[in-house]
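Undergrad: Any chance you can model this:
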Amino acid sequence: MRRLLLTLVLLGTGLAHAGDLPETDWLELMPKSDQKALEAMPEIDHNSPEANGTFTDKGGLKQSKGLPAVMYSTKTVAAMNHKQVRMGGYPVPLETDGKGRSTLFFLVPYPGACIHVPPPPPNQLVLVRYPKGLKLDDIYTPLWVSGTLKIEAVNNDLADAAYALDAAQVRVVQESDL
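TA: Predicted coordinates for the structure are as follows:
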């Protein structure tokens with residue numbers, strides 16, 4: 001009887017399976033002080049060589065100089081370290097396996113973050129490690145990524161991130177999810 005009650009409670013809260021984790025909002029990765037700074041930030045000009053498809057040797061995701069400090073923020077939320085999460089976002093592929101599946105990619109909160117500048121702050125970029133790999137045909141395809149989130153400074157030629165996620169599951173968002 002006790003096991004049945006526990007199962008019913010878990011099913012009722014949507015936590016019966018790892019795939020049923022509640023969605024983690026991107027703003028949960030950002031301290032409240034950064035959230036307030038973003039709200040007060042002036043509009044950013046997107047007229048840059050990267051926006052037109054011209055990239056520097058270092059790639060288009062690196063932050064340009066002169067933006068408000070919050071756009072460079074690596075401040076993290078300690079409660080998110082080693083937390084099981086399910087996040088929605090868009091892939092920026094970094095490495096693929098021999099079968100062309102993405103095994104390492106940045107997850108970003110909005111589509112096109114790899115071509116529109118400025119990119120999100122480092123505390124809004126997540127490096128995803130997924131050894132199983134996922135075939136990605138389009139970087140504008142939204143994904144669900146579930147696994148263990150860690151506070152980890154990542155410095156890549158393409159971008160800097162303040163978090164990394166060891167993914168247990170990665171799948172394309174379906175219309176039925178919305």
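Undergrad: and the residue most central in space within the chain, what element?
TA: The chain has L107 as the residue nearest its centroid, 3.3 Å off, counting by CA atoms, centre = their mean. Taking DSSP states H and E as the definition, L107 sits inside strand 102-108.
Undergrad: next one: R171
TA: Assigned by DSSP H and E, R171 falls in strand 160-172.
Undergrad: Give the buried residues for that strand.
TA: Residues D160, A161, A162, Y163, A164, L165, A167, A168, V170 are the ones in strand 160-172 that count as buried (16 or more other CB atoms under 10 Å). Yep, even glycine has a C-beta here, placed from its N, CA and C like the rest.
Undergrad: any idea how far the strand holding L107 is from the chain center?
TA: 8 Å (CA atoms, centre = their mean, to the nearest Å).
Undergrad: ok and it relative to strand 160-172, angle-wise?
TA: 110 degrees (axes from the mean of the first three to the mean of the last three CA atoms, to 10 degrees).
Undergrad: Now stretch 157-175: average pLDDT?
TA: If you average the pLDDT over stretch 157-175, you get 94.
Undergrad: should've said stretch 42-49
TA: 60.
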